[in-house]
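**Student:** This is a predicted model, with the sequence first.
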Amino acid sequence: MAFLDISSVRKVYGQNVVVQDFNLAVERGEFVSFLGPSGCGKTTTLRMVAGFEQPTAGTIRIGGKDVTYLPPNQRNIGMVFQAYALFPNMTVADNIGFGLKVAKKPAAEIGPRVKEMLELIKLPHLADRYPYQLSGGQQQRVALARAIANKPQVLLLDEPLSALDAKIRVSLREEIRTLQKALGITTIFVTHDQEEALSMSDRIVVMSEGRMEQVGDPFDIYNYPKTRFVAGFVGTLNTLKARVLDPGAGKLSIDGQEAVTSRPLNGSPADSIRTVALRPEAVALGERVNGGNGLSGTIEEVGFLGSVVRIKVRLGENAISLDTFNSSSVTPPKRGDTVSIAFTRDDLLVLEDNDAH
Amino acid sequence: MKSERFGPWLAMVLGTLYFVVPLIATFEFSLRKRRGVYSFDAYASVFSDSRFIESFGYSTFIALLTIVVGVLLVVPTAYVIRLRMPRMRPIVEFITLLPLVIPAIVIVFGYLRLYNSSSFLPLTGTARSTDLLLVFAYVVLAMPYMYRAVDTGLRAIDVKTLTEAAESLGASWWTILFKVILPNVRVAVLSGAFLTFAIVIGEFTIASLLNRPAFGPYLQLVGANSAYEPSALAVIAFVVTWACMGLIQLFGSGIRGSSAAPR
Ligand SMILES: Nc1ncnc2c1ncn2[C@@H]1O[C@H](COP(=O)(O)OP(=O)(O)OP(=O)(O)O)[C@@H](O)[C@H]1O
Ligand SMILES: [Mg+2]
């Protein structure tokens, strides 16, 4: 059995179903992110693991032990909050040592452990400062040290980086991941930032409206999104309506032009409508390369994004946005030009939801 | 421009005079015990009266007890209301305001009825248990101030997140309350405590009707029987009260720095 096991968990507030059908097995030492838009139930799920909320149904096990109804102070978890939540009346060292003191560890053990933690977060010189004398990034590192000082079974982080500015966010992201790997702590990380989730996680749980949309490693989530929601949330994406011509051969018709996908069409009958998807960076201007797809259309929009030029090509009912590098030696295409675009069979994704709107 | 300035100044001068003139007059009068010259004779006579020391000591002791009981009652209540029952807040706030609306004399007669020596809980039976009743009464009297002070202090910290952080670190309710919450509302508790002290030291009605040897009844007694000593006592009581206020200010600004919530 997995180290942290969340099975069939459901949470209802009044009439409001906030989390449902949540099943997740997290291995020891694994780093799992919950990714999804605001209000999708990430925090609620995390708080059920922490013990601050109780599931309406389902069970949560940590290390084989059923903790579903165990109060948080008996779960041996570490928690990091968006708002840092350091104790204002205690110094950095006292904050970090709080959990050890509560656990009645001898002072001879607490001192060295706090010191070790301070080294780990690279702030040994700030031991005697108070939280209000620290920057946001420093406070969050202290909060992290405090959470892991007593060797928790599971580390839970709820958007720990969202209150920080962009540069610190990136460096702290790496720091957290390095630390987590070095100590081998089983970790759940809540975020609505896809870049954060993709760069840090062993696995990502993409959530929407209380449901798990897809679970997979970052590579799979990004390259093989299963639903339109996942594809749209993780990166920008062109979604197109296509008519199935030959399900066996993966042949489709997009606005009357033929394209082939190497993805299974899951037994869709001929003439049915499917939603397919293309990432902007997977599409190039130019003629088809052997074995690939080629379509032609009219340029509707040209947008400069600095080093990248984003071009929107109208095919008919569908339009495709694609990215090309901005180069001073190449004159960019203009509005109204007729162009050919090309992409591989692999890049033409078939999404699970059949509704095409 | 000038006339605009004149109005506020006039108001302030009038207000100050309203406060200060009777005070100076009282002080001046208290110095006139010896005929023809100013002297501190009245004060000397007050301080040499053993009943002054006794009643003041008694009231101080009762005040300290009141503060302890009040803090133990109000801090956990205000904390739980903020954390778990935010919808109850207006109701609790209303209840804590009641002592301002219900006169002390009504409260004390209620007590005498409820706790007299032939009742189910004869608190007025012995001197010690009457002291206890007095403390409880003062806790009620001071509640509007204590509750408001503590509640304001709690507003300044993120009670919910701090509680959860402590819980996740394994802390019990007891630990959270005394190691995390209380130290962070220390300033608020102190100002509530000083206000309580000022109220208890000067209180007359309840102490008198419960027949306890407190400072308030002593003040009244002296006032009824001599001329200059009451003025001296009034000045002393005033100085004590303002010393309390001064301490609130001092602690309020002095500790603020180390107890400020992180932003
Ligand atoms: N105590 C509560 N009572 C009622 N509804 C709640 C409660 N807590 C959360 N909800 C609702 O549950 C839903 C999920 O909330 P949750 O905080 O889990 O979202 P989230 O994914 O963490 O969002 P965000 O990214 O904004 O933090 C929301 O619609 C929210 O309004
Ligand atoms: Mg959240």
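**Tutor:** Sure thing, it's come through. Ligands and ions are numbered 1, 2, ... in the order given.
**Student:** Any buried residues in the longest strand along chain A, and which?
**Tutor:** When chain A is parsed with DSSP state E, its longest strand is strand A:293-305. Neighbour-count burial for strand A:293-305, with 16 or more other C-beta atoms under 10 Å in any protein chain shown as criterion, is recorded at A:293, A:295, A:297, A:299. For the C-beta atoms, the positions are set from N, CA and C on the backbone; glycine is no exception.
**Student:** Would you convert those into a markdown table that also reports pLDDT and distance to residue B:31?
**Tutor:** As requested, the buried residues of strand A:293-305 are exported to a markdown table (pLDDT from 0 to 100; distance: C-beta to C-beta, whole Å):
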| residue | pLDDT | distance to residue B:31 |
| --- | --- | --- |
| A:293 | 90 | 106 |
| A:295 | 91 | 105 |
| A:297 | 92 | 103 |
| A:299 | 92 | 99 |
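**Student:** My guess is residue A:4 contacts residue A:65. True?
**Tutor:** No: contact criterion C-beta atoms under 8 Å: residue A:4 and residue A:65 do not qualify, at 10.7 Å.
**Student:** The two: which is more packed in?
**Tutor:** Under the neighbour definition other C-beta atoms under 10 Å in any protein chain shown, residue A:4 and residue A:65 were set side by side, and residue A:4 has more, 24 against 10.
**Student:** what's the pLDDT at residue B:93?
**Tutor:** We have a pLDDT of 90 for residue B:93.
**Student:** Doesn't it belong to a helix?
**Tutor:** Yes: assessed with DSSP: H, G, I helix; E, B strand; the rest coil, residue B:93 lies in a helix.
**Student:** Around chain B, pick out the residues from the stretch 51-200 of chain A.
**Tutor:** Residues of the stretch 51-200 of chain A lying near chain B by C-beta under 8 Å from any C-beta of the partner chain: A:51-52, A:71-79, A:81, A:83-89, A:98-99, A:102-103, A:130-132, A:134, A:139, A:143, A:146-147, A:150, A:156.
**Student:** rerun at 7 Å
**Tutor:** Proximity of the stretch 51-200 of chain A to chain B (C-beta under 7 Å from any C-beta of the partner chain) is limited to residues A:52, A:72-73, A:77-79, A:81, A:83-89, A:98-99, A:102-103, A:130-132, A:139.
**Student:** out of these, which are inside strands?
**Tutor:** Those of those lying in strands (DSSP E): A:77, A:78, A:79.
**Student:** and the first one, what does it touch?
**Tutor:** Think residue A:77. The neighbourhood of residue A:77, defined by C-beta atoms under 7 Å, 6 or more residues apart in numbering or on different chains, consists of A:50, A:152, A:153, A:154, A:156, B:168.
**Student:** Give me the subset of those residues lying in helices.
**Tutor:** In this view, the contacts of residue A:77 that belong to helices under DSSP state H are A:50, B:168.
**Student:** any weak-confidence spans in the stretch 1-150 of chain B?
**Tutor:** Across the stretch 1-150 of chain B, the ranges flagged by pLDDT under 70 are B:1-4.
**Student:** How about it: which residue is closest to chain A?
**Tutor:** Per C-beta to the nearest C-beta, residue B:83 is where the stretch 1-150 of chain B lies closest to chain A, at 11.7 Å.
**Student:** quick one on the thing from earlier: can you tell me which of the residues of the stretch 51-200 of chain A next to chain B are in helices?
**Tutor:** Reading helices off those with DSSP H, I get A:98, A:99, A:102, A:139.
**Student:** Just flag the most distant two among these.
**Tutor:** Spanning the widest gap among those are A:102 and A:139, at 20.5 Å by C-beta to C-beta.
**Student:** which of these two has more neighbours?
**Tutor:** residue A:139 (23 against 18).
**Student:** For the stretch 151-300 of chain A, which segments are assigned as helices?
**Tutor:** Along the stretch 151-300 of chain A, counting by DSSP state H, counting those that start in this stretch, helices occupy A:166-183, A:194-200, A:218-223, A:228-233.
**Student:** Kindly report the same for the stretch 151-263 of chain B.
**Tutor:** Counting by DSSP H, counting those that start in this stretch, the helices of the stretch 151-263 of chain B are B:159-168, B:173-175, B:182-184, B:186-202, B:205-209, B:215-225, B:229-254, B:256-259.
**Student:** what packs against the fourth one?
**Tutor:** Packing contacts for helix B:186-202, counted by 3 or more C-beta pairs under 7 Å, 6 or more residues apart in numbering or on different chains; DSSP states H and E, involve helix B:50-84, helix B:127-155, helix B:229-254, helix B:256-259.
**Student:** now with 6 Å?
**Tutor:** If contacts are counted by 3 or more C-beta pairs under 6 Å, 6 or more residues apart in numbering or on different chains; DSSP states H and E, helix B:186-202 sits against helix B:50-84, helix B:127-155, helix B:229-254.
**Student:** May I see those arranged in TSV, with mean neighbour count and distance to ligand 1 as well?
**Tutor:** Shown next, in TSV, are the helices and strands packed on helix B:186-202 (neighbours: other C-beta atoms under 10 Å in any protein chain shown; distance: least, C-beta to the nearest ligand atom, whole Å):
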stretch	mean neighbour count	distance to ligand 1
helix B:50-84	18	12
helix B:127-155	20	20
helix B:229-254	16	35
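**Student:** Among the ones you listed, which comes closest to residue A:273?
**Tutor:** That would be helix B:50-84 among those, by C-beta to C-beta, at 52.6 Å.
**Student:** re earlier: so what are the sheet partners of the longest strand of chain A and their directions?
**Tutor:** As defined by DSSP bridges, the strand partners of strand A:293-305 come to strand A:308-314 (antiparallel), strand A:338-343 (antiparallel).
**Student:** Show me what the very next helix or strand once past the shortest one pairs with in its sheet, parallel or antiparallel.
**Tutor:** Of the helices and strands lying after strand A:338-343 in sequence (DSSP states H and E), the nearest is strand A:349-350. For strand A:349-350, the paired strands and their directions (DSSP bridges) are strand A:273-278 (antiparallel).
**Student:** where does the stretch 151-263 of chain B dip in pLDDT?
**Tutor:** B:252-263.
**Student:** Flag every residue of it that's near chain A.
**Tutor:** Contact residues (C-beta under 6 Å from any C-beta of the partner chain) of the stretch 151-263 of chain B with chain A: B:161-162, B:164-165, B:167-171, B:180, B:183-184, B:260-262.
**Student:** Can you flag the buried ones in the residues you listed?
**Tutor:** Applying 16+ other C-beta under 10 Å to those flags B:161, B:162, B:164, B:165, B:167, B:168, B:169, B:170, B:171, B:180, B:184, B:262 as buried.
**Student:** Tabulate these in TSV, adding columns for distance to residue B:154.
**Tutor:** Formatted as TSV, those follow (distance: C-beta to C-beta, whole Å):
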residue	distance to residue B:154
B:161	13
B:162	10
B:164	15
B:165	16
B:167	17
B:168	20
B:169	20
B:170	23
B:171	18
B:180	12
B:184	8
B:262	16
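**Student:** Quick check: the farthest pair among these?
**Tutor:** B:170 and B:262, at 22.0 Å, using C-beta to C-beta across these.
**Student:** How about residue A:127, nearest residue that isn't a chain neighbour?
**Tutor:** residue A:93 (4.2 Å; C-beta to C-beta, 6 or more residues apart in numbering or on different chains).
**Student:** okay, now that neighbour: neighbour count?
**Tutor:** There are 21 residues near residue A:93, going by other C-beta under 10 Å.
**Student:** Which of the three states applies to it?
**Tutor:** Residue A:93 - assigned by three-state DSSP - is helix.
**Student:** Show me what the residue of the stretch 151-300 of chain A found nearest chain B is bridged to.
**Tutor:** Closest residue of the stretch 151-300 of chain A to chain B, C-beta to the nearest C-beta: residue A:156 (7.8 Å). On the basis of DSSP bridges, residue A:156 is bridged to residue A:79, residue A:188.
**Student:** State the distance from the residue in the stretch 1-150 of chain B positioned nearest to ligand 1 to residue B:236.
**Tutor:** Nearest to ligand 1 in the stretch 1-150 of chain B, going by C-beta to the nearest ligand atom, is residue B:86, at a distance of 11.2 Å. As judged by C-beta to C-beta, to the nearest Å, residue B:86 and residue B:236 stand 44 Å apart.
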